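Colleague: got a structure for you, letters missing:
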């Protein structure tokens, strides 16, 4: 039977459009069969029912399409799922952070602190406010008063004739540790468990009933993690001398027991484990070779059209193992929110002193009690950063930003930021500058993808110094997980050029010369604060003249001279620099070799005087 041509519109979207089109269709093609279109007629009932079905189907079709695009998605669980697909992990709460000063007394012995009475405070130590006991903070890093370095100094002051006062500063976050357990029976691939709680920050640690530790990874195919070991002579005799600069050594560690986490919604955190179930038969140890990759040997396998994944090249179970016949104890952190932004001087209550201990035994009971009771904490500044979690718009924008970078180092600025983010336990990176290797310096066979990464660190007095070998090794290991595959990085020392500043000003009548000079010195010290200077940054003399001219009481600036300070016997860098030769149009430029200007002793090296016309 031949099909008649009908004029059908495909643009209808809602109930009224469907109903109008169906009525027009009936009037056009069935004019004699049906013509009662009153609201009470049986035919209109069927037309409206068909319109209703069409409207519902159109709505759900539009909604399903909309929920597949991060820009337009509305349902919370879909927003979270799409964010994870693009590599971003949403936050359901924002924690407040603050610097905490921790004090303890130690007895005096031979006019020196007796460190045998120093205490050790374990990691994740809780602290609260007497005014807001429901708001809890955690000092995550351990505290060892016997250890002092540039990144973790111990300040010593005289308390009285019998005691010294030791002080350390730690970062604390508004968080509380909670714990839960999950039992696992027969093995299953990719098992999941859910933690239902409010304001979940993340997983602190997971251990099983056999004492094995499970590690969180960004995705289950990642079998290598960055792990640390104590920088001691036993672990590495070649780098143990750098323990003051890098107390821990960074290393890559291959793990089977791993898991990933993702938020299902703002009150549910899901933990997922791997696919493997047998630790004794670990196919993650398989190495690619012609037999298992397939180059025609030995069975003439042809895999030229196979799509291989670099994270799972051999299609093995390299997704970690799944827990079975065990109990997992999960410790997680909750907290944050606007209410966690507490005022200054409020975090003074030690919630639990069980994490505090002396590092030596056989101490005098009276002295040890006095020392133990002297432990005190305070936050000199108000905490900040606490707030609600990511909104839907936050997740959209952050996810799209994360997808473009994928936490990889692509540009030179990426390398700078990644190097500066090296955790302080592995060394402090104070200054970073990166540039491509000059073509004239390339050896035969070397490609222009070689990058020179110049670094400097601080000593205990916050003076620039060369990075220790252990710090450079840790930085190299750290960057290896983020750098592009075709980039080769050489970590080098930047040159430090110490300078002094001499200036002359005239003072307005009725102004005190000493006060005006003091204000000028303060301005210059702030200008040359080493935190504000970067490698290869020039000195703009014009800026110095303008800055001094704006000091209250200064009539005019006569001269500003930059001088070179060098010589290790005087406490300066050994490198001399031709200041006048490097000056062009009142700009002192750095050398071709990467370097940084430093006023090492501002109290002595910045000098000024008042002159008359």
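Modeller: Cool, the structure landed. These numbers were taken from a predicted model, which means no experiment stands behind them.

Colleague: I figured residue 486 hits residue 450, correct?
Modeller: No: using C-beta atoms under 8 Å, residue 486 makes no contact with residue 450, being 10.1 Å away. (C-beta placed from N, C-alpha, C; glycine too.)

Colleague: Between the two, which has more neighbouring residues?
Modeller: Neighbour count, other C-beta atoms under 10 Å: between residue 486 and residue 450, residue 450 has more, with 16 against 7.

Colleague: In space, what's closest to that one - neighbours in sequence excluded?
Modeller: With sequence-adjacent residues excluded and distances taken as C-beta to C-beta, 6 or more residues apart in numbering, residue 450 is closest to residue 437, at 4.1 Å.

Colleague: ok, now residue 459?
Modeller: Nearest to residue 459 is residue 465, by C-beta to C-beta, 6+ apart, at 4.8 Å.

Colleague: Next, the contact list for the one you found, please.
Modeller: Residue 465 sits next to 456, 457, 458, 459, 496 when contact means C-beta atoms under 8 Å, 6 or more residues apart in numbering.

Colleague: cool, and residue 449?
Modeller: 486, 487, 488.

Colleague: so where's the chain shaky on pLDDT?
Modeller: 1-4, 243-244, 277-318, 404-407, 445-448 (pLDDT under 70).

Colleague: Let me see the domain layout of the chain.
Modeller: 15-66, 96-174+336-385, 178-222+255-282+293-333, 427-489, 495-610 (automatic domain parsing).

Colleague: State the three-state secondary structure for residue 70.
Modeller: Secondary structure for residue 70, judged by DSSP: H, G, I helix; E, B strand; the rest coil, is coil.

Colleague: Name the helix or strand for residue 327, please.
Modeller: Residue 327 is located in strand 326-335, with elements delineated by DSSP states H and E.

Colleague: Counting by contacts, list what that strand packs against.
Modeller: strand 175-184, strand 192-196, strand 200-208 (3 or more C-beta pairs under 8 Å, 6 or more residues apart in numbering; DSSP states H and E).

Colleague: The residue sitting nearest the centre point of the chain and residue 204: what is the separation?
Modeller: By C-alpha atoms, centre = their mean, the chain has its centre lying nearest to residue 421, at 6.5 Å. From residue 421 across to residue 204, the span is 21 Å (C-beta to C-beta, to the nearest Å).

Colleague: try residue 565
Modeller: When residue 565 is compared with residue 204 (using C-beta to C-beta), they lie 49 Å apart.

Colleague: between these two, who's got more neighbours?
Modeller: Higher neighbour count among residue 565 and residue 204: residue 565, with 20 against 17, using other C-beta under 10 Å.

Colleague: partners of the more buried one in the sheet?
Modeller: residue 498 (DSSP bridges).

Colleague: picking up where we left off before, could you check the domains of the chain and tell me which one is nearest residue 416?
Modeller: Evaluated over those, closeness to residue 416 peaks at domain 427-489, with 5.0 Å, by C-beta to C-beta.

Colleague: So what would you say the end-to-end distance of that closest one is?
Modeller: 18 Å (C-alpha to C-alpha, to the nearest Å).

Colleague: Many thanks, I have nothing further to ask.
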